[in-house]
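J.: Using only what follows, build the 3D model:
(one chain, ligands or ions: 1)
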Amino acid sequence: MRKHIVAGNWKMNKTFSEADELLNDIMEGLEKVELNRDTLIVVCPPMPYLEMATDYANDSYFTVGAQDVSANNNGAFTGEVSAEMLQSIELDYCIVGHSERRAYHHETNSIVAAKINQLLAHNIRPIMCCGELLDEREAGKQFEVVQRQIEEGLFHLDVEAIKNVVIAYEPVWAIGTGRTATPEQAQEMHHHIRTLLTAKYGASVADEISLLYGGSCKPSNAKELFAQPDVDGGLIGGASLVADDFIKIAQSF
Ligand code: PGA
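T.: Residues are numbered from 1 along each chain as shown. Purely as a prediction, here's the structure:
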């Protein structure tokens, strides 16, 4: 059975002391609640706080992920962080191909594929983001856009490697806008993605891969989204910055 995952993408928010407080609130909050079945919680703070987050994670029910990684090995890449560095502080997950990185840092599908290779070579599970822009949806192109992102980002992987990947469908028009995809829109795209995975890797492999929804997911809509058969959790931005909201979302299965 595939994992239920709720991952918090803090993006570029919080000072060190605020991050400390939020991690502490998440740890204390998780002690007070019963989470359903096998829900995995991943917290993805900015790079400078990753080590602090792993310290908290050692005493708590969450694991830690990074928000990005370099497509290159170690060396002369000023400002970048390698997969080997992330592995050396024992991170389990890393987001790649977020639409903000695609838009502001010109990340193409082939760069995303190279980052995924770096992560898998260092035993870190990628959370690969995909999703269409508003004008692409309005032109009815959402399925082909996402198909291309999946094929070019992931389909070079073999069957063993793909099992370590998590996919997050995040329609760009829903990110940070308060305009969430309807549960039907999310399910329709997740089903499309699972169908692509089935055609390429077979049904038993496709059934093991967790597909997360992201884009204005909050406590008030998480239950309905997570109730969809192909929605296995969420990648949460804004609501992951408030411990109570994040934990409520994690309780929504
Ligand atoms: P949001 O962000 O929940 O604030 O819409 C989601 C994301 O970008 O991962």
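J.: Show residues contacting the helix or strand where residue 40 lies.
T.: Assigned by DSSP states H and E, residue 40 falls within strand 39-44. For strand 39-44, the surrounding residues in contact (CB atoms under 8 Å, 6 or more residues apart in numbering) are 3-10, 23, 26, 30, 35, 53, 57, 61-67, 92-95, 127, 233, 240, 250, 253. (Glycine included, C-beta is placed from N, CA and C.)
J.: per-residue pLDDT, the residue in the stretch 1-150 of the chain that the ligand sits nearest to?
T.: Across the stretch 1-150 of the chain, no residue is closer to the ligand than residue 9, which sits at 4.1 Å (CB to the nearest ligand atom). Note on residue 9: pLDDT of 98.
J.: and it, what are its phi and psi?
T.: Main-chain dihedrals, residue 9, degrees, to the nearest 10: phi -100, psi 100.
J.: can you tell me how far it sits from residue 206?
T.: 25 Å (CB to CB, to the nearest Å).
J.: When the two are compared, which one has more neighbours?
T.: Per other CB atoms under 10 Å, whichever of residue 9 and residue 206 has more neighbours is residue 9, with 27 against 20.
J.: mind listing what the more buried one touches?
T.: 44, 67, 95, 98, 214, 235, 236, 237, 240.
J.: Then residue 224?
T.: Counting by CB under 8 Å, 6+ apart, residue 224 has contacts residue 183.
J.: same deal with residue 191?
T.: Contact analysis of residue 191 by CB under 8 Å, 6+ apart lists 229, 230.
J.: what are the phi and psi angles of it?
T.: Taking degrees, to the nearest 10 as the convention, residue 191 sits at phi -60, psi -40.
J.: so where do the helices sit in this structure?
T.: Secondary structure of the chain (DSSP state H): helices at 16-32, 50-58, 83-88, 99-104, 109-121, 134-138, 142-154, 159-162, 183-201, 203-206, 219-226, 243-250.
J.: Buried deepest among those helices, which one?
T.: helix 243-250 (a mean of 22; mean count of other CB atoms under 10 Å).
J.: Can you list the low-confidence ranges for the protein?
T.: 37 (pLDDT under 70).
J.: Now with 80, please.
T.: Judged by pLDDT under 80, the chain has its weakly predicted residues at 1, 36-37.
J.: Excluding chain neighbours, what is closest to whatever residue of it ends up closest to the ligand?
T.: At 2.2 Å from the ligand, residue 237 is the closest residue in the chain, using CB to the nearest ligand atom. Spatial nearest neighbour of residue 237, chain neighbours left out: residue 9 (5.2 Å); criterion: CB to CB, 6 or more residues apart in numbering.
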